[in-house]
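**Student:** attaching a predicted model along with its sequence, questions to come.
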Amino acid sequence: MSTRSLLSRIAILGWVTAGCGDTEATEAPKVTVSAQSNTEATPSPTDKATEVAWTKIPPKSDDAALVRAAAKDATGVPVVYIGAVWCGPCKQYKATLSDPRMIDAHTGAHIIELDADRHSKALGELGVRPMGVPHWEMVDKTGTPVGRTIDGSHWEANTPENMAPALGKFFGLGHG
């Protein structure tokens, strides 16, 4: 089975199971999950992103292989985002993802979402050890951490005007 096919099935499984027994879950942000092929149009560098590129690893799939596959197929620089359903700042962050400042800050990055409680095995296998949530960890295309992390302590209130500059600098993509 191809990686693209596997990720498609994971995404569908995540959508189907997203509400099952998870009364605290927040609505997922509007995201773009895409895979480039030779026949698809490639956006020009001047095209403005309208969404944050995002892959959510399903809650019941605590497998590092899924994260590695998502990193390999990421449409930008892969960044593992670790949150939790009970985390207020995580909910505030996700609620801001449609703000143009946040979209701009994330341009060129591809977020791979994991839950600190539900994906502890996968996080351990990857060598990602957040000290708290929310936590972002840049990884390479194999899912291996590259030593760059940021967490919510880098700004005051969880608002786009505070988060976007710090996250844009973290992603190192000339934004923010």
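**Tutor:** Structure received. Residues are numbered from 1 along each chain as shown.

**Student:** need the three-state assignment for Ala164.
**Tutor:** Each residue gets one of three states, and Ala164 gets helix by DSSP: H, G, I helix; E, B strand; the rest coil.

**Student:** okay, now it: neighbour count?
**Tutor:** 22 (other CB atoms under 10 Å). (Glycine included, C-beta is placed from N, CA and C.)

**Student:** what packs against the one helix or strand Ile82 maps to?
**Tutor:** Using DSSP states H and E, Ile82 falls within strand 77-83. When contacts are defined as 3 or more CB pairs under 8 Å, 6 or more residues apart in numbering; DSSP states H and E, strand 77-83 sits against helix 64-72, helix 88-95, strand 109-115, strand 135-139.

**Student:** out of these, deepest packed?
**Tutor:** Across those, averaging neighbours per residue (mean count of other CB atoms under 10 Å) puts strand 109-115 on top, at a mean of 25.

**Student:** next secondary structure after that strand?
**Tutor:** Where DSSP H and E defines the elements, the next helix or strand beyond strand 109-115 is helix 120-126.

**Student:** what's that following helix packed up against?
**Tutor:** Packed next to helix 120-126, using 3+ CB pairs under 8 Å, 6+ apart, are helix 64-72.
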